[in-house]
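In: Below: sequence and its predicted model.
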Amino acid sequence: MGDDELSKAYDNTVEQYLFSRTESTGLTGFDNREVEQPTMFKLVPSDLKGTVLLDVGCGPGIHVKEYVKRGATATGIDFSSKMILRARKYCPEGTFEFGNAYQLEFQNESFDIVTSSFVVDHFEHLEKAVQEIKRILKPNGLFVFSVQHPVRYMFRDSEKDVFTPSNSYFDRQAYCHNISGTGKDFPSFPRTIQDYFQTISKNGFVLEDFLENEPKESWKEKYPELNENKYKIPLLCFFKWKKK
């Protein structure tokens with residue numbers, strides 16, 4: 001699936017995408033609501049007054065809305081034009097533009113923080129995106145992002161609630177999967193944790209923090225239908241890097 005096809009797939013899922021990540025109480029969007037957003041919002045500084053922030057792959061503006069509340073001057077980019085239109089309605093205080101992580105239309109050293117949620121593992125060319133992010137970050141700027149934990153790519157039938165290892169941890173072939181029950185296939189590019197560390201560190205960043213989510217007991221009552229195997233592995237991991 002090329003970039004044009006992928007952007008069209010996102011264009012066709014805007015409302016479902018937003019609902020699953022904000023209002024749904026079911027398993028659709030569970031990873032986003034219960035794991036990604038709470039952890040990401042802990043890693044990003046709570047006081048963003050005077051901070052210029054860019055969210056790469058902003059979708060309908062969920063994360064930008066939170067960063068604006070914290071005082072940031074926040075911009076979101078996405079390559080789905082309909083996501084951008086929806087974001088402008090969902091978070092009118094933010095700025096949203098059509099954009100591509102491989103060619104960011106911003107001046108050098110123009111942002112204090114760059115964030116990206118559940119997006120970096122969709123970059124086919126990770127190093128190219130990292131170099132662009134480094135370019136637009138100010139010295140000592142932060143790059144904070146979340147991805148599906150690489151160990152989950154060993155269980156590629158997990159969407160069907162089958163948790164038998166199907167692939168090697170080191171299998172880096174592109175993998176298409178359904179996102180938030182949209183019925184659309186979206187490509188991910190599996191990498192090992194080592195791949196992330198090596199690619200980003202060699203491009204001028206120093207690791208500040210790394211987190212793997214741990215399951216919560218409260219999930220058992222809130223989501224009794226949640227597959228018990230999701231309590232046995234980390235679902236996501238989070239990186240916080242500082243530009244040298």
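Out: The structure has been received and is ready for your questions. None of these values were measured; they are calculated from a predicted model.

In: State the mean pLDDT of stretch 97-112.
Out: For stretch 97-112, mean pLDDT is 97.

In: which outside residues touch that stretch?
Out: By Cβ atoms under 8 Å, 6 or more residues apart in numbering, the residues outside stretch 97-112 that reach it are 3, 51-54, 56-57, 75-79, 81, 84, 116, 119, 123, 125, 128-129, 132-133, 135-139, 141-142. C-beta here means a position set from N, CA and C on the backbone, and glycine is covered the same way.

In: Among the residues you listed, name the buried ones.
Out: 51-54, 56-57, 75-79, 84, 116, 119, 123, 129, 132-133, 136-137, 141-142 (16 or more other Cβ atoms under 10 Å).

In: Looking at the contacts of stretch 97-112, which are in strands?
Out: Using DSSP state E, the subset of the contacts of stretch 97-112 located in strands is 52-54, 56, 75-78, 116, 137-139, 141-142.

In: What are the boundaries of the helices in the chain?
Out: For the chain, the helices defined by DSSP state H cover 3-11, 14-22, 30, 37-43, 62-69, 81-90, 126-136, 193-201, 218-222.

In: how far out from the middle of the chain is the shortest one?
Out: Its chain's C-alpha centre and that of helix 30 lie 14 Å apart, by Cα atoms, centre = their mean, to the nearest Å.

In: which strands and helices sit next to it?
Out: Helices and strands touching helix 30, by 3 or more Cβ pairs under 8 Å, 6 or more residues apart in numbering; DSSP states H and E: there are none.

In: Residues contacting that helix, please?
Out: Counting by Cβ under 8 Å, 6+ apart, 223, 226 sit against helix 30.

In: Repeat the analysis, applying 10 Å as the threshold.
Out: 20-21, 24, 36, 180, 219, 222-223, 226, 230, 235 (Cβ atoms under 10 Å, 6 or more residues apart in numbering).
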